[in-house]
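> Sequence first, then the predicted structure:
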Amino acid sequence: MQHNPEAPTLLITGCNGQVGFELRRSLAPLGHVVALDRAACDLTNPDVVRQVIRENRPDVIVNPAAYTAVDRAESDAEMAFAINGAAAGILAEEAKALGSLLVHYSTDYVFDGTKDGAYIETDAVNPQSVYGRSKLAGEQAIAGSGAQALVLRTCWVAGVHGGNFAKTMLRLGKERDQLRVIADQFGAPTTASLVADVTAQIVARHWLAGDRNAFAGGIYHLAAAGETTWHAYATEVLRYAKSHGAELKVNPEQIEAIPATAYPLPAPRPSNSRLDTTRLRQTFGIYLPDWKQGVHHLLDQILP
């Protein structure tokens, strides 16, 4: 495929994941996009990763690829750390050698979830799961590389492409007479499209068109505005779906609220996933819409 040699090259890993799929759209106007799936860029193979970066010489490396099976990671730590930790460090080393920007995505799971209010970037990390520890290892490897990097911690991500909580609730709402959903964990449902669009805005304005030496890299929190619980989130998904003609077996108002202790899982979840986004909004001039706006837009695309 021919592309303008003067246009910047933007390389995306994990292009078929929830965020990767949206990045292919959001980054397209910025330059020549090289979108790679796992087969084309296997993050468990350091030699392949280095070769792919050196062949393409991207101006921007965007790494949404991750090991995200939170419960499976508890018994598959080696793979989780290879993808979420070591590979992130290799991408950072290659970005530094090229003078490129690395954009990487992390998670609220680097915190233990015990804080009362929303987490800020400088709060103490204390991951409680293998997944959280592997994502923290990635953050630390990137910080130690000296690369120009933007690390975006996000939470409760849902996209049109791929599996997520909203889709699961829709399916169960059509199949089951009753639903029980956790009501004592707090966060902000954040759409993959919002994550991708914010990424594109920052890359365009502050890296490609800005002074790269003055780029304000580091860790930033990125989540939709507002907060909710999984229970209230499920209620809103089914309420909106029902109001748009979806045939449900469950009355949205009758979803049973349960504590997290009633639904034990192999990996502990943070009870507080709230992320304070002040630093991102002020540094880059980004507006973050309320979580319901994003969820409604997501549902408009997946409802029949």
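It's in. Numbering: from 1, shown residues only.
> Going along the chain, name the strands of the protein.
9-12, 32-35, 60-63, 101-107, 148-154, 157-158, 180-182, 186-187, 190-191, 218-221, 228-229, 256-258 (DSSP state E).
> Now do the helices in the stretch 151-300 of the chain.
Applying DSSP state H, counting those that start in this stretch to the stretch 151-300 of the chain gives helices spanning 165-175, 192-202, 230-243, 278-284, 291-302.
> Could you check how far the fourth one is from the centre of its chain?
Put plainly, it is helix 278-284. Offset of helix 278-284 from its chain centre (C-alpha atoms, centre = their mean, to the nearest Å): 18 Å.
> Buried ones in it, by neighbour count?
Within helix 278-284, the residues that qualify as buried are R279, L280, R281, F284, counting by 16 or more other C-beta atoms under 10 Å. For glycine as for every other residue, the C-beta is placed from the backbone atoms N, C-alpha and C.
> Which single one of these is nearest to T68?
For these, the minimum distance to T68 (C-beta to C-beta) is 21.7 Å, reached by L280.
> The closest one contacts A224, correct?
No. At 12.0 Å, L280 does not count as touching A224 under the criterion of C-beta atoms under 8 Å.
> if I look at these two, which residues touch both of them?
L288 (C-beta atoms under 8 Å, 6 or more residues apart in numbering).
> May I see the buried residues of stretch 161-175?
Here stretch 161-175 shows H161, G162, N164, F165, A166, K167, M169, L170, L172, G173 as buried, counting by 16+ other C-beta under 10 Å.
> quick revisit: could you dump the strands of the chain into a markdown table and include mean neighbour count, distance to S129 and mean pLDDT?
As requested, the strands of the chain are exported to a markdown table (neighbours: other C-beta atoms under 10 Å; distance: least, C-beta to C-beta, whole Å; pLDDT from 0 to 100):
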| stretch | mean neighbour count | distance to S129 | mean pLDDT |
| --- | --- | --- | --- |
| strand 9-12 | 26 | 26 | 98 |
| strand 32-35 | 21 | 29 | 98 |
| strand 60-63 | 27 | 21 | 98 |
| strand 101-107 | 26 | 10 | 98 |
| strand 148-154 | 23 | 15 | 98 |
| strand 157-158 | 24 | 16 | 97 |
| strand 180-182 | 18 | 16 | 97 |
| strand 186-187 | 22 | 15 | 98 |
| strand 190-191 | 28 | 19 | 98 |
| strand 218-221 | 20 | 19 | 98 |
| strand 228-229 | 18 | 20 | 98 |
| strand 256-258 | 15 | 21 | 98 |
